[in-house]
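Novice: what follows is a predicted protein model with its sequence.
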Amino acid sequence: MRKFPREYMEKYPSVAKIYDAIAGSRRLGSEGTVQNYVNYVAKFVEFMGASDPEKALDDMLAGRVDVGEKVDAFISYALDELDKSHSTVRNYVFGVKKWLDLNGVEVNWTKIEMPTSNMVREEDRAPTKEDLRRLLNHASGSRDRAVIYIATSSGLRIGTLLSLRVGDVDFSYPDVARLTVKRKRGRKFGNKRGRNAGRYFVSWVTPEAKKALRHYLEERQAAGEKLTEESPLIGDSYHKGEFQNVEGYERVWARLLRRAGLAQKSSRWYKLHIHTLRKYFRSNCVGVDASYRERWMGHKGLYLDMSYFKAEEPLHLAEYRKAIPHLTIYGKAKEEKELRTQMLLDFAKLQGYNPDQLKRLEDVLARAKNIDDAISEFRHLKDESVRKLSNGNLKANGVYSVIRGEAELVQRLNHGWSLVKALSQDKYLLEQA
């Protein structure tokens with residue numbers, strides 16, 4: 001946290017309450033949000049003409065100041081005099097409201113007209129592959145190249161990416177690598193409620209991103225940094241094993257944009273600000289089931305336990321591998337098609353397809369206009385293999401069941417069943433142990 005908000009909270013108890021309300025042990029929210037809210041309160045107190053927030057509170061609680069009028073006037077001041085955007089001023093009000101609520105100041109918010117939430121002053125866009133190649137060519141080191149590759153192939157928020165540790169990466173897959181994001185202070189998770197909800201979610205990185213990350217970690221070790229599972233995945237520039245904060249990396253990103261000649265601004269933001277790498281991921285998940293894409297981005301990635309994820313992992317891999325050719329920055333069209341074809345065949349082999357089925361799949365892929373056109377036939381073959389199993393090809397004396405839905409899957413796994421096949425349309429073939 002920066003010096004001003006930290007010292008402001010230390011000096012004024014009424015403002016210090018914001019920290020516990022947002023980032024305390026009961027909330028585990030972001031310290032960045034706390035920092036912003038403290039800054040907003042300071043702006044409001046300055047607008048009131050008060051010497052400090054404690055004096056301002058005394059005046060409001062004693063009725064010497066009409067709080068509603070002051071807040072309303074502050075909104076107009078921020079929009080007209082400070083020339084802030086509507087969304088920024090809304091955030092100002094949220095910070096001030098939090099402070100007032102925590103200190104017992106009552107305001108009739110229904111009488112205050114908030115700035116509209118759908119007025120957009122800033123314009124951004126997803127970077128093209130050409131943009132990304134220019135950025136990679138102008139990156140000052142392997143760290144920044146790794147960030148670009150990982151962010152564009154995983155869809156993670158930059159704050160989440162910078163908070164990951166080396167132990168959160170699984171390199172054991174033949175092509176991709178898996179990133180595990182556990183719930184912890186400051187990380188944004190979806191809104192699903194429940195005793196077991198929101199423990200972690202996973203995302204993936206492409207083969208070229210995996211290669212770039214390995215190179216970056218090897219470079220750090222060669223420079224003398226001792227890497228452990230607790231080391232930051234993306235460290236500082238001097239290989240001291242320190243975490244990089246978002247604000248610091250945004251400055252790195254701004255310098256990179258200027259070097260690459262891509263520092264065009266909309267109003268205050270760069271059109272290719274760091275979060276547009278996430279937009280690239282979302283727009284290039286071509287042919288992927290939207291529910292999986294949203295999970296990888298951290299919107300709905302709320303798995304109950306590891307046994308559930310392991311059961312569904314083949315489906316995650318199958319969906320993600322569809323997007324690899326589109327996410328890959330330096331791949332050529334022919335290489336991308338060959339890569340994707342091979343991945344589909346490899347997955348089919350892992351699912352237990354017999355030689356006849358594999359030959360049929362190869363024929364489908366060979367005559368299809370593109371890989372996406374072959375996906376429906378691919379799924380048909382998978383379901384057909386299950387029907388054959390169900391008609392007598394399972395081992396003797398086995399007890400099998402086809403179930404639907406995640407909840408029943410977890411329940412069966414917890415009662416001794418094991419997964420035989422992950423089917424399409426949220427179905428699973430299980431065997432009783």
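Specialist: Perfect, thanks for sending it.
Novice: any idea which helix or strand comes after whichever strand or helix holds A78?
Specialist: According to DSSP states H and E, A78 maps onto helix 67-80. Next helix or strand after helix 67-80 toward the C-terminus (DSSP H and E): helix 86-102.
Novice: helices and strands around that following helix, which ones?
Specialist: Contacts defined by 3 or more CB pairs under 8 Å, 6 or more residues apart in numbering; DSSP states H and E place helix 86-102 against helix 13-23, helix 31-48, helix 67-80. The C-beta positions use only the backbone N, C-alpha and C, and glycine is treated the same way.
Novice: picking up where we left off before, dump the helix holding A78 to CSV, keeping only the CA atoms.
Specialist: The C-alpha coordinates for helix 67-80 follow below in CSV (Å, rounded to 0.1, in the frame of the first residue of the first chain):
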residue,chain,number,x,y,z
VAL,A,67,-24.5,15.5,4.5
GLY,A,68,-26.8,14.8,1.6
GLU,A,69,-26.2,18.2,0.1
LYS,A,70,-22.5,17.9,0.5
VAL,A,71,-22.3,14.5,-1.2
ASP,A,72,-24.5,15.7,-4.0
ALA,A,73,-22.3,18.8,-4.5
PHE,A,74,-19.2,16.6,-4.4
ILE,A,75,-20.5,14.5,-7.3
SER,A,76,-21.0,17.6,-9.4
TYR,A,77,-17.6,19.0,-8.4
ALA,A,78,-15.8,15.7,-9.3
LEU,A,79,-17.6,15.6,-12.7
ASP,A,80,-17.3,19.2,-13.7
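Novice: angle of it against helix 86-102?
Specialist: 160 degrees (axes from the mean of the first three to the mean of the last three CA atoms, to 10 degrees).
Novice: buried residues, helix 67-80. List them.
Specialist: 67, 70-72, 74-75, 77-79 (16 or more other CB atoms under 10 Å).
Novice: related to what we said a few turns ago, with mean pLDDT and distance to L409 added, can I get the helices and strands packed on helix 86-102 in JSON lines?
Specialist: Shown next, in JSON lines, are those (pLDDT from 0 to 100; distance: least, CB to CB, whole Å):
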{"stretch": "helix 13-23", "mean pLDDT": "92", "distance to L409": "35"}
{"stretch": "helix 31-48", "mean pLDDT": "92", "distance to L409": "36"}
{"stretch": "helix 67-80", "mean pLDDT": "92", "distance to L409": "50"}
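Novice: kindly report the domain assignment for the protein.
Specialist: 3-111, 129-296, 332-393, 395-433 (automatic domain parsing).
Novice: so, low pLDDT: which residues of the stretch 151-300 of the chain?
Specialist: 184-198, 267, 300 (pLDDT under 70).
Novice: all strands of it, in order?
Specialist: 169-170, 177-182, 200-205 (DSSP state E, counting those that start in this stretch).
Novice: single out the most deeply packed of those.
Specialist: strand 200-205 (a mean of 24; mean count of other CB atoms under 10 Å).
Novice: any idea which helix is longest in the chain?
Specialist: helix 306-327 (DSSP state H).
Novice: and the gap between the closest residue to I75 other than its chain neighbours and Y37?
Specialist: With CB to CB, 6 or more residues apart in numbering as the criterion, I75 has its nearest non-adjacent residue at 5.9 Å, and that residue is V89. Shown here: V89 relative to Y37, a distance of 14 Å by CB to CB, to the nearest Å.
Novice: now swap in R165 and tell me
Specialist: In terms of CB to CB, R165 sits 28 Å off from Y37.
Novice: also L162?
Specialist: 21 Å.
Novice: between the two, tell me which one has more neighbours.
Specialist: Y37 (24 against 19; other CB atoms under 10 Å).
Novice: show me what contacts the more buried one?
Specialist: Taking CB atoms under 8 Å, 6 or more residues apart in numbering, we find Y37 in contact with 18, 22, 94-95, 98-99.
Novice: SS state for L430?
Specialist: strand (DSSP: H, G, I helix; E, B strand; the rest coil).
Novice: grab the nearest non-local neighbour of it.
Specialist: Nearest to L430 is W417, by CB to CB, 6+ apart, at 4.4 Å.
Novice: A21 too?
Specialist: L102 (5.9 Å).
Novice: I'd say the one you found and A16 touch.
Specialist: No: with contact defined as CB atoms under 8 Å, L102 and A16 do not form a contacting pair (9.7 Å).
Novice: circling back: which one of the domains of the chain lies closest to E123?
Specialist: E123 lies closest to domain 129-296 among these, at 4.2 Å (CB to CB).
Novice: chain center to the closest one: distance?
Specialist: Relative to the chain's own centre, domain 129-296 is displaced by 9 Å; criterion: CA atoms, centre = their mean, to the nearest Å.
Novice: so how many other residues sit close to G416?
Specialist: 8.
Novice: what's the pLDDT at it?
Specialist: G416 is assigned 75 on the pLDDT scale.
Novice: which strand residues bridge G235?
Specialist: Per DSSP bridges, the residues bridged to G235 are F243.
Novice: wait, it sits on R220?
Specialist: Yes: between G235 and R220 there is a contact under CB under 8 Å: 6.5 Å.
Novice: what residues do these two have in common as contacts?
Specialist: Contacts common to G235 and R220, judged by CB under 8 Å, 6+ apart, are absent.
Novice: in space, what's closest to the residue nearest to the spatial centre of the chain - neighbours in sequence excluded?
Specialist: When CA atoms, centre = their mean is applied to the chain, the residue found nearest the centroid is L156 (3.0 Å). Nearest non-adjacent residue to L156, counting by CB to CB, 6+ apart: S203, 5.8 Å away.
Novice: what is the burial count for E31?
Specialist: 16.
Novice: got it, and the one 4 residues further on?
Specialist: Q35: 22 surrounding residues under other CB under 10 Å.
Novice: hmm, M1 and it touching each other?
Specialist: Yes: under the criterion of CB under 8 Å, Q35 makes contact with M1 at 5.3 Å.
Novice: before we move on, back to that, any chance of the domains of the chain in CSV, plus distance to P314?
Specialist: Shown next, in CSV, are the domains of the chain (distance: least, CB to CB, whole Å):
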stretch, distance to P314
domain 3-111, 32
domain 129-296, 12
domain 332-393, 7
domain 395-433, 5
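Novice: wait, which of these is closest to H326?
Specialist: domain 129-296 (4.4 Å).
Novice: contacts only, for the nearest residue to L217 once chain neighbours are set aside.
Specialist: Using CB to CB, 6+ apart and skipping residues adjacent in sequence, the residue nearest L217 is L227, 6.4 Å away. Applying CB under 8 Å, 6+ apart, we find L227 in contact with 166, 217, 220-221.
Novice: likewise N91?
Specialist: Contacts of N91 by CB under 8 Å, 6+ apart are 36, 40.
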